[in-house]
Structures are given as C-alpha cells and as structure tokens.
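Colleague: model the following, please.
(one chain, ligands or ions: 1)
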Amino acid sequence: MGSLVQRAAVTHRVPASASLGRRARGQGSGLVGSPTKGVASFGIDVSGTILSLPGIPMTSPALPSEPTSEPSLTPPPIRGVPSAERRAIVVGASSGMGAALVRRLAAEGYRVAALARREAKLVELAEDCRADCAKTGGAVFVHVHDVARQADVSALFEEIVRELGGLDLIVYAAGIMPATGPAEYDTEKDLAQVTVNLGGCIAWCNEAAKLFRTQRSGTIIGISSIAGDRGRKGNPVYCATKAAMNTYLEALRNRLSEVGVHVLTVKPGFIDTPMTEGLDGLFWLISADDAARTILTAARHRFWNTRYVPLRWWAVGAIIRSIPSILFRRLNV
Ligand SMILES: NC(=O)c1ccc[n+]([C@@H]2O[C@H](COP(=O)([O-])OP(=O)(O)OC[C@H]3O[C@@H](n4cnc5c(N)ncnc54)[C@H](OP(=O)(O)O)[C@@H]3O)[C@@H](O)[C@H]2O)c1
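Modeller: Here you go, the predicted structure:
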C-alpha cells in the first residue's frame, strides 16, 4: 500500500535563545508545504531553561535566562538528562488525554509530534502550545494520520524521528468506543475498533520498540482502560481490544525491560473527554489534564508497570477481577 500519510499545516517559529545553543529554525509564521509529499509541518520551536528527572525527562516551564558569558553549544544536562532527550510522539493527540499530554509535554520543553485525523484540532492544539513552547524550547509538530492505515506507520515513524532528532517517549492514546446496543453484533463496527484500539497500538509501539531496543532507552505509554479487566456486556469488543492491549504491552515490557526500556500500561477510569461526553452514570470523573499529569508522573518514576488513573480505580479493578463469572454476568456493567 502506498504511503498516503499527510502532515498538516502551519509553521510558527521564534528565534532560539543563543545561551542554550539550540538551532534557530527561522522566524515568522506561515503555511508551508512539501509538494513532493503533499505534506506540511507545524513547528513551534524556541529554546528555554530546562529541568528534568530520571526516566522520562520532565521539566518545569521556566523562562530562558540571558547569557552572561559566551553561549555554550549544548544545553547543560540537568539531573543527567540533556534537553536533547525530550522528544515524544503522541498518537491520538487531537482531543482528550492525548491533547492534554501534548500540552504538558510541550510546556516541559519537549519536541512533540502530535498525530490524529482531525487536522484543524491538531493545528489549534499546536497554536495553544505556542506560548509555553516559547518559554521552554518545546515544539509541536502536527501530522494528520489515520491509525487504520497501518501500512503507512513505518515510513511515518521514521520521518517523525528524523524531524524530532530522535525519540524518547511514545504515547498511544488513539481509541474509539462506539455506542453498542445490547443485542448488537456488528462485525464491521467491531473490527473497526480492533483496528484503531489494538492494530494501531501494535503498529506504532512495534516501531518504537525496535528503535528503543537498539538505543537501549525509551518509554512506551499505552492508554488502555479499566474496561479491559473484564468482558462486560455493555461493549464486548471495546473491552476485548483493551484486554489485548494490556497483554501486548505486558509482553513488550517483558521483552524490553532488560535493555532499559520502560513500558507503562495506563488504565483510566472515567475521564472527562469527548469519549465520555453525554454518557450516564459517570463518577469519580477527572479532567484530561489531571489524567495527563498522573500518567506522566507514573511514567517518569518507572515504579508503575500498570497505572489506574486515578489510583482509586485500582481497588475497583481488583474487586471486578475477583467477581466469579457466574455473578459478574448478572451485573449490568
Ligand atoms: N475518557 C475515558 O473515560 C477513558 C477511559 C478509559 C480509557 N480511555 C481511553 O483513553 C484513550 C484516549 O481517549 P479520550 O478519552 O482522550 O477520548 P478522545 O478525546 O475521543 O480521544 C481519542 C483520540 O483518538 C484519536 N483517534 C480515534 N480514531 C483514530 C484514528 N482512526 N486514527 C488516528 N487517531 C484516532 C482521536 O483523534 P481523531 O478523531 O482526530 O482521529 C482522538 O485524538 C482511548 O484509547 C480511550 O479508549 C478513555
């Protein structure tokens, strides 16, 4: 299958601070495109002062300071993590948790590739991040991509890694949960979920796994769901895709931990995103930004292999998993 990957849209660049020695990527803004590939890129690229922690490099936004002496060529590593190691891909970045993660990463000085199908949402997100990027040296690159086009993933992954100058973190946040009637058995609709929730995850995480294995570092975050803990009446295939995702991510972790690569499985409860909009019976709802903060903290500390978000869902998961099938089938979940 040919590569029909599109990248969207705008370039806005602010001069880099000489004190931190980053490459200034030009000034001004405008729409740029590459006629040969039918693509264009969005970049907000400004240098800033950076703080990091071990594991996933994390930063607190801070204003760049004026140079007092000759500019250094490379930013000094802070707590052992050089700024060059803040490069991330977020798949499923146009709304909800994916978008919140992009905002947080950009505010922490990451160069982030944001992927999804809705170009306008991605461009808006990149624009929203502009001020934070100006403070931290972060950048957001927009790529329009449908994860169902799995044959495109390998080439696009390579292209993005080149664009970012490497890769340290990938988040797979793309997912769909279509409403499913109690007596509905629609194979086409079900397999579409498998393609997005599971197929896309495998396609993107496999690429990251190959790279991270070679470089012997990196973090993979897969946003699964507590729904994967049991097969529920309400949405059998959604649950099945998340359960398969959990097992796939566990196996990746088991393969890659010995080479220093961390794989985090995230199991959110109810998060206030477009996916849950209008749904009844939600409780313990938290914002996408709160979820993003928890996810990044969990990934950074590397203590967690699986993280329920918020943590209280761990107890719910433990109870749900322990209910005998004969009783569970009577529950209306
Ligand atoms: N919200 C919750 O309560 C909750 C709970 C547990 C788990 N989760 C999981 O969390 C993840 C994020 O969901 P969310 O709650 O943040 O919902 P959301 O706002 O609907 O985000 C879903 C993201 O997936 C992207 N996506 C969907 N189909 C795609 C495709 N074919 N190609 C590329 N991207 C695609 C969407 O972008 P485009 O439409 O622009 O392509 C969007 O950016 C999902 O995997 C979901 O299952 C959510």
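Colleague: residue boundaries of the helices in this structure?
Modeller: Per DSSP state H, the chain carries helices over the ranges 96-107, 119-128, 130-136, 153-164, 187-193, 200-215, 236-256, 288-301, 313-322, 325-328.
Colleague: out of these, deepest packed?
Modeller: When these are scored by mean count of other CB atoms under 10 Å, the highest mean neighbour count falls to helix 96-107 (a mean of 26). From N, CA and C alone the C-beta is placed, and that goes for glycine too.
Colleague: against which helices or strands is it packed?
Modeller: On a contact count with 3 or more CB pairs under 8 Å, 6 or more residues apart in numbering; DSSP states H and E, helix 96-107 meets strand 87-91, strand 111-116, helix 119-128, helix 130-136, strand 139-144, strand 169-172, helix 288-301.
Colleague: and with 7 Å instead?
Modeller: strand 87-91, strand 111-116, helix 119-128, helix 130-136, helix 288-301 (3 or more CB pairs under 7 Å, 6 or more residues apart in numbering; DSSP states H and E).
Colleague: ok, the first one near the ligand or not?
Modeller: Meaning strand 87-91. No. Judged by CB under 6 Å from any ligand atom, strand 87-91 makes no contact with the ligand; its nearest approach is 6.6 Å.
Colleague: and that strand, average pLDDT?
Modeller: Strand 87-91 comes out with an average pLDDT of 98.
Colleague: pull up the pairing partners for that strand, direction included.
Modeller: In the sheet, strand 87-91 lines up against strand 111-116 (parallel), strand 169-172 (parallel) (DSSP bridges).
Colleague: what's the angle from that strand to helix 96-107?
Modeller: 160 degrees (axes from the mean of the first three to the mean of the last three CA atoms, to 10 degrees).
Colleague: now do strand 87-91 against helix 153-164, angle only.
Modeller: Using the same axes, to 10 degrees: strand 87-91 against helix 153-164 is 140 degrees.
Colleague: same question for the longest one.
Modeller: Interaxial angle, helix 288-301 versus helix 153-164 (the same axes, to 10 degrees): 80 degrees.
Colleague: sorry, back to before: right, and the strands paired with strand 87-91 - which one's nearest the ligand?
Modeller: strand 111-116 (3.5 Å; CB to the nearest ligand atom).
Colleague: what does the chain put close to the ligand?
Modeller: Residues of the chain lying near the ligand (CB under 6 Å from any ligand atom): 92-98, 116-118, 121, 145-148, 173-177, 196, 223, 225, 268, 270-271, 273-276, 288.
Colleague: which PyMOL command selects the buried ones in these?
Modeller: Filtering these down to the buried ones (16 or more other CB atoms under 10 Å) takes a single PyMOL command:
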select buried, resi 92+93+94+95+96+97+98+116+117+121+145+146+147+173+174+175+177+196+223+225+268+270+271+273+275+288
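Colleague: hmm, Leu169 is touching Thr219, no?
Modeller: Yes. Judged on CB atoms under 7 Å, Leu169 makes contact with Thr219 at a distance of 4.8 Å.
Colleague: for the ligand, what's its nearest residue on the stretch 101-250 of the chain.
Modeller: Gly175 (2.1 Å).
Colleague: contacting residues around that residue?
Modeller: Shown in contact with Gly175 (CB atoms under 7 Å, 6 or more residues apart in numbering): Gly92, Val196, Asn197, Ile223.
Colleague: just the closest residue of the stretch 1-150 of the chain to the ligand, please.
Modeller: Gly96 (2.0 Å).
Colleague: tell me the contacts of that residue?
Modeller: Applying CB under 7 Å, 6+ apart, the residues near Gly96 are Thr273, Pro274, Met275, Ala288.
Colleague: and for Arg149, the neighbour number?
Modeller: 17 (other CB atoms under 10 Å).
Colleague: just use 33 as the starting number from now, easier for me
Modeller: In the new count, where the first residue is 33, that last one comes out as Arg181.
Colleague: phi, psi for it please.
Modeller: phi -90, psi 70 (degrees, to the nearest 10).
Colleague: report the separation between it and Val228.
Modeller: Counting by CB to CB, to the nearest Å, the gap from Arg181 to Val228 is 11 Å.
Colleague: what sits closest to the residue of the stretch 33-182 of the chain closest to the ligand if chain neighbours are left out?
Modeller: Thr305 (3.2 Å; CB to CB, 6 or more residues apart in numbering).
Colleague: the one you found is in contact with Asp322, isn't it?
Modeller: No. Between Thr305 and Asp322 there is no contact under CB under 7 Å: 11.4 Å.
Colleague: check contacts around the residue lying closest to Val293 once chain neighbours are set aside.
Modeller: Nearest residue to Val293 in three dimensions, chain neighbours excluded: Phe244, at 4.4 Å (CB to CB, 6+ apart). Contacts for Phe244 (CB under 7 Å, 6+ apart) come out as Gly250, Leu288, Val293.
Colleague: circling back: and the strands paired with strand 119-123, which is most packed in?
Modeller: Buried most deeply of the strands paired with strand 119-123, by mean count of other CB under 10 Å, is strand 143-148, with a mean of 29.
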